[in-house]
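Asks: prediction below, plus the sequence it came from.
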Amino acid sequence: MIVILSDIGLLLKAANEGDNISSATTVIRAFRIMRIFKLIKSSVHIRLIIDTIFHILPQIANVMSLILLLIFIYAVLGMTLFSGVML
């Protein structure tokens, strides 16, 4: 029903007749995201994957901070070595 209403709103917007309806369908389209949450609740496997991702996030943050530190060190080294080079 949400998809049909949003399609009607897009058609009316294309015809320049339904400005109010097209803005209302934009709000209704946001409710399509709720289907994802319903799917997550019903599926055990998807819930397991999402729980695993949330448990891994602190380790990923540590690795990303080390990579960021390495990039920063190389950026400072490059600015120091190539600061006197003319274009």
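Replies: Structure received.
Asks: quick check, central residue of the chain?
Replies: Relative to the mean C-alpha position of the chain, the nearest C-alpha, by Cα atoms, centre = their mean, is the one of residue 33, at 12.5 Å.
Asks: for residue 67, see how far away that residue is.
Replies: To residue 67, residue 33 is 31 Å away according to Cβ to Cβ, to the nearest Å. No exception for glycine: its C-beta is placed from N, CA and C like everyone else's.
Asks: for residue 75, same thing?
Replies: 13 Å.
Asks: also residue 80?
Replies: In terms of Cβ to Cβ, residue 80 sits 21 Å off from residue 67.
Asks: quick one: residue 44 from residue 51, how far?
Replies: Taking Cβ to Cβ, one finds residue 44 at 10 Å from residue 51.
Asks: for residue 39, same thing?
Replies: 15 Å.
Asks: do the same with residue 7
Replies: Distance, residue 7 to residue 51, by Cβ to Cβ: 36 Å.
Asks: likewise residue 82?
Replies: 47 Å.
Asks: quick one: low-confidence parts of this structure?
Replies: 2, 6, 17-29 (pLDDT under 70).
Asks: how far away from the center of its chain is the longest helix anywhere in it?
Replies: Across the chain, the longest stretch assigned as helix under DSSP state H is helix 44-81. How far helix 44-81 lies from its chain's middle: 17 Å, per Cα atoms, centre = their mean, to the nearest Å.
Asks: ditto for stretch 68-82
Replies: 30 Å.
Asks: in that stretch, what's buried?
Replies: With burial defined by 16 or more other Cβ atoms under 10 Å, not one residue of stretch 68-82 is counted as buried.
Asks: C-alpha coordinates for it, PDB please?
Replies: Output in PDB follows, covering the C-alpha atoms of stretch 68-82 (Å, rounded to 0.1, in the frame of the first residue of the first chain):
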ATOM      1  CA  LEU A  68      44.400   7.000  11.200                       C
ATOM      2  CA  LEU A  69      47.500   7.500  13.300                       C
ATOM      3  CA  LEU A  70      49.600   5.800  10.600                       C
ATOM      4  CA  ILE A  71      48.100   8.100   7.900                       C
ATOM      5  CA  PHE A  72      48.700  11.100  10.000                       C
ATOM      6  CA  ILE A  73      52.400  10.200  10.600                       C
ATOM      7  CA  TYR A  74      52.900   9.700   6.800                       C
ATOM      8  CA  ALA A  75      51.200  13.000   6.100                       C
ATOM      9  CA  VAL A  76      53.500  14.900   8.500                       C
ATOM     10  CA  LEU A  77      56.500  13.100   7.100                       C
ATOM     11  CA  GLY A  78      55.500  13.900   3.600                       C
ATOM     12  CA  MET A  79      55.000  17.600   4.500                       C
ATOM     13  CA  THR A  80      58.400  17.700   6.200                       C
ATOM     14  CA  LEU A  81      60.300  16.000   3.300                       C
ATOM     15  CA  PHE A  82      58.600  17.900   0.500                       C
END
